[in-house]
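Undergrad: Sequence and predicted model, in that order:
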Amino acid sequence: MDELTRRLDALERWDRWLTRTVMLMALAFAALLAVGWKSPDGTVEAQELVVMDKDGKKRAWLGVDADGTPGLMLFGQDERVRAVLGVGPDGLTLLALDDANGKKHAELGVASDGTPGLVLSDKDGTPVWSAPPK
């Protein structure tokens with residue numbers, strides 16, 4: 001009976017994940033339709049795209065900041081930023097991953113001159129490893 005309960009729990013978790021994923025994709029599609037229908041050449045244009053969950057909470061943002069910096073932000077259920085992908089005005093390309101408290105734990109970047117960098121931090125957000133070493 002324990003095996004059956006475990007398998008049923010796993011199946012229910014999978015079903016919840018799949019339902020959320022499909023809903024997120026449907027919301028993204030609906031948002032694309034809302035911001036603009038494709039033009040005759042097949043492009044969709046918008047200044048930003050905000051994806052909300054069923055409760056009206058911001059879960060994703062894709063757009064260009066006031067300074068012209070393009071980016072993608074993913075938010076947790078508490079609407080705190082959890083992941084950022086962007087290109088800075090100085091040409092730095094960056095992927096940053098935060099915990100639920102907003103502390104950065106992984107940053108991967110490439111400077112405009114092609115120099116790569118990776119920083120990993122502990123649970124307190126203190127850098128513990130980097131490449132190249134600092």
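TA: That came through fine.

Undergrad: Assess the claim that residue 73 and residue 60 are in contact.
TA: Yes: when contacts are counted by C-beta atoms under 8 Å, residue 73 is listed as touching residue 60 (6.9 Å). The way it works is simple: take the backbone N, C-alpha and C, and place the C-beta from them, glycine included.

Undergrad: how about the helices in this protein?
TA: Counting by DSSP state H, one finds helices in the chain at the ranges 2-35.

Undergrad: So which residues of it form strands?
TA: Remark: strands of the chain, listed N- to C-terminal, are 48-52, 58-64, 70-75, 81-87, 93-98, 104-110, 116-121, 127-131; assignment by DSSP state E.

Undergrad: Just the mean pLDDT for the first one, thanks.
TA: Averaging pLDDT along strand 48-52 gives 89.

Undergrad: and the angle from that strand to strand 58-64?
TA: If you take axes from the mean of the first three to the mean of the last three C-alpha atoms, to 10 degrees, strand 48-52 sits at 170 degrees to strand 58-64.

Undergrad: Run me through the strand neighbours of strand 48-52, direction for each.
TA: Strand 48-52 has the following strand partners under DSSP bridges: strand 58-64 (antiparallel).

Undergrad: which parts of the partner strand are buried?
TA: Of the residues in strand 58-64, 59, 60, 61, 62 count as buried by neighbour count, 16 or more other C-beta atoms under 10 Å.

Undergrad: re the thing from before, tabulate the strands of the chain in TSV, adding columns for distance to residue 21.
TA: Supplementary listing: those in TSV, determined by distance: least, C-beta to C-beta, whole Å:
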stretch	distance to residue 21
strand 48-52	12
strand 58-64	12
strand 70-75	13
strand 81-87	16
strand 93-98	20
strand 104-110	23
strand 116-121	28
strand 127-131	32
